[in-house]
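Trainee: using only what follows, build the 3D model:
(one chain, ligands or ions: 1)
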Amino acid sequence: MRWQENVEQTLTEKKKCIQCITEANHPYPCRGENRSWTVQYRTAACGLFLKQRSTRPEFRPNHFEEWDQISYLYINDAKSFFDVPREKLSPKPLRPRQDNLKVVKGFRSHGVHNILCATENLLAYTMDPTKIAKSYLKPPSKILKSGSIPKLLPVIIENKSSGSCDVKDQAKNAAVSQKNTNKVFPRRRSKSATDLRLLGTIKPTLTIERTVKPLEKSAPLRIGQKRPITQKNEEPNKPKVARVKIPDWDYKSRFQELQKKYHTLQDEHKQIKTQVSNLPILEEEVKALRESNKINQDQLELLIKKEQKLIEEKIEVLQENNTLKNELSKSVKDYHMLKNLHEAIENENKENLSRLKSLQEALNASELAVMCLKEKCASLDFATQQLKRDLEEHENLRRSLHNTIQDMKGNIRVFCRVRPPIDNEEIEKQQCSIFFPSETTLEIRKSRESVSVTGGKNMDLKQEFNFDKVFPPEANQTEVFEELSQLVQSALDGYHVCVFAYGQTGSGKTYTMQGSAHDHGMIPRTIDLIFDKIDKLAIGDWTYTVMASFLEIYNENVKDLLSPNSTHNYELRYNEGRGVTVTNLQIVHIASAAELKTLMEEAHKNRAVAATDFNEHSSRSHAVTKIHLEGYHKNSKTKYAGSVNLVDLAGSESAKTSAAERLNETKSINKSLSTLGSVMLALHNKDSHVPYRNSKLTFLLQSCLGGNSKTLMFVNISPFEECFYESINSLRFAAKVKDIKINAKRNKTYGMMTPLQTKH
Ligand SMILES: Nc1ncnc2c1ncn2[C@@H]1O[C@H](COP(=O)(O)OP(=O)(O)OP(=O)(O)O)[C@@H](O)[C@H]1O
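Mentor: This next block holds a predicted model:
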């Protein structure tokens, strides 16, 4: 039951919708004899398979409803196909479609007329044409006689989705199929095929029909080729004559017919003979043709190879062409990009050019302005030079006037300053009556109670003193410094200036000279003023060199306050022209006021201090701050050398009130102060000998006290009654100093001291 298996398999494949071609060729068990036929049919494309071949009910051919889906069917052996079910081949199911029934081909086989028909849906089948003629069709005028049945070749059914054939074959078959199908069948597609196409599962198939055409009479016979036996009445050009059956008794007619056949055969024999005689020639021709064919084949092979080569080259060229195309498109893109860039740059260039142009114009205008300004500068330079010359002249005039004024004021000036009571002193201590009748006069009195305490001793209890300036307790540091500042200018003008504070211990000397953290005294203010004036004088082309030294004289010994632990021996030396100098003393170059103040604080810390009855932090030494000033004017080459000596003397103290452990210290202080008094007295009396060298203090201040110097002495007074006599002594000493007249001279081209060590 191979065919049945095939059918079932077909059914399975139908479900899968992949069936392309199924060919069945199997024995047919009908009539008890084995017959074979070939049916080619589609299953997947039209959902069809042939069932009519079986005696089984499910395969009976009256299942035409399934045939409806046949698009095209060839039956090679139609007779055997329809023999068995013929009586069952009821045309009933076809009736509704009879109008569409068309005869495609008719043929006779085994004495039975068959016809190949097609419906609108390309249904094709064969059946007895007489039945068709009777019931549905016209008489079978188109039915061919026996012997004209074309040999039906296997149908090639192609499903493009199958991919079973190669592309070339498919195309070729498709072309042939289309051609043949168009000739034979209507071009309409089956409904089911269309449906299936719409479903998209399988594309409509192509059917190719090949028929072997009968050889034409005029065609030359080839070797081994048999002339087809053709009937005269079957020749297409001749009109068909109805065959009349000759009765058996009509011998004459039969003889004539046989004669005709004989003549015909004779003619054919002659023709064959002629053709046989031509055979060697034909054989030679064939031989030649074969050779030429061989050559042609070789050439063909060569040509094929060449063609293949050319195809390969073409492919390469195409590939190269594609690559070049890609490169070209890329290059075109690049070109456009570069073009845009170029345009952008050009626009930018244009903008830059216009900007450059405007800038050039601005530059030209600026150059013009610069030229004008240069001219102005030149004229201003000239004016400046002129002004500088004027300034110099005025400066000189100012200096001379200033110093004339200072000279007129006196080269030794004395200021008296009365300190205020501090803390609880106002309550605890009895105060003297001190009056200030004028700016230069001080009147000091003792109270009556204190007079009675003295036991009615005849004393002048009212004293009046005149000084260059008198500062009451409420006077602040700024007011005091105002008077001193004029002497600072003299120091910058090449004078030696000496400022010292004299007075009883606790009278306010250190406060006047150093001041407090919040209210600077004379020394820091002098430092600030010096550097301020140096800056201003720089405008007039003056340059100054500033140096400083700090020392103290304690118990008649000189000590460098910048080197407190130094073991050097500090000796006082008198140098003609340079005055008194101290050996081994550090003289430090100073670049700024801040630097000098720092050194001043350092020196102040190193000073000898002790507590006395009148001062908790009494200075027990004479402190001397010396600031060397050297000015140089580059235009006039003028050089001035001046100095400012700021001296904070140790406080005078009565030996009676002094503590025993500080007695030597007090004696030494008092001795030096008494020598100072002697020197002042000698200077006042204009003695020939002035005892400068009796103490280191007077020796050091020799040039300040009686020499080429402008001196300012502060006499500090305590306001308390207990200090009354000390105050009177101080005031009297100061009054004598005030009367001393000295002539100070400007130090031109005065050599500077060489600093031992420079601190920065
Ligand atoms: N003008 C003043 N205004 C306010 N306080 C002052 C004034 N003068 C001095 N004093 C204060 O009086 C006290 C003693 O002053 P200072 O130490 O200056 O005296 P002195 O004369 O230097 O003493 P010594 O000789 O013992 O060193 C300090 O506390 C100081 O602050």
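Trainee: pLDDT score assigned to the residue in the stretch 601-750 of the chain positioned nearest to the ligand?
Mentor: Going by C-beta to the nearest ligand atom, the ligand is nearest to residue 651 of the stretch 601-750 of the chain, at 2.3 Å. C-betas here are computed from N, CA, C, even on glycine. Note for residue 651: predicted pLDDT of 80.
Trainee: for it, which non-adjacent residue is spatially closest?
Mentor: With sequence-adjacent residues excluded and distances taken as C-beta to C-beta, 6 or more residues apart in numbering, residue 651 is closest to residue 505, at 2.7 Å.
Trainee: quick one: end-to-end distance for stretch 559-578.
Mentor: Terminal residues of stretch 559-578 lie 21 Å apart, using C-alpha to C-alpha, to the nearest Å.
Trainee: average pLDDT across it?
Mentor: pLDDT averaged over stretch 559-578 gives 85.
Trainee: ok, back up a step: the residue of the stretch 601-750 of the chain closest to the ligand: neighbouring residues, count only.
Mentor: By other C-beta atoms under 10 Å, 27 other residues sit near residue 651.
Trainee: so it sits against residue 511, correct?
Mentor: No. At 11.6 Å, residue 651 and residue 511 do not qualify as touching, with contact defined as C-beta atoms under 8 Å.
Trainee: am I right that the residue nearest to residue 651 is in contact with residue 652?
Mentor: Yes. Here residue 505 reaches residue 652: they are 6.6 Å apart, a contact under C-beta under 8 Å.
Trainee: with neighbour numbers in mind, choose between these two.
Mentor: More crowded of residue 505 and residue 652, by other C-beta under 10 Å: residue 505, with 27 against 22.
Trainee: torsion angles phi and psi at that one?
Mentor: Residue 505 adopts backbone torsions of phi -60, psi 140, taken as degrees, to the nearest 10.
Trainee: what about it, distance to residue 714?
Mentor: Distance, residue 505 to residue 714, using C-beta to C-beta, to the nearest Å: 15 Å.
Trainee: and if you look at residue 346?
Mentor: Relative to residue 714, residue 346 is positioned 85 Å away (C-beta to C-beta).
Trainee: which of those two has more residues huddled nearby?
Mentor: Between residue 346 and residue 714, residue 714 has the larger neighbour count (other C-beta under 10 Å), namely 30 against 10.
Trainee: state the pLDDT value of that one.
Mentor: Value listed for residue 714 in the pLDDT field: 93.
Trainee: ok, now residue 215?
Mentor: pLDDT for residue 215: 38.
Trainee: ok, the one 4 residues further on next?
Mentor: Here the pLDDT value assigned to residue 219 is 44.
Trainee: ok, the residue in the stretch 301-450 of the chain positioned nearest to the ligand - how many residues close by?
Mentor: Residue nearest to the ligand within the stretch 301-450 of the chain (C-beta to the nearest ligand atom): residue 419, separated by 3.4 Å. Neighbour count of residue 419, defined by other C-beta under 10 Å: 22.
Trainee: could you find the closest non-adjacent residue to it?
Mentor: The shortest distance from residue 419 to any non-neighbouring residue, by C-beta to C-beta, 6+ apart, is to residue 508 (3.5 Å).
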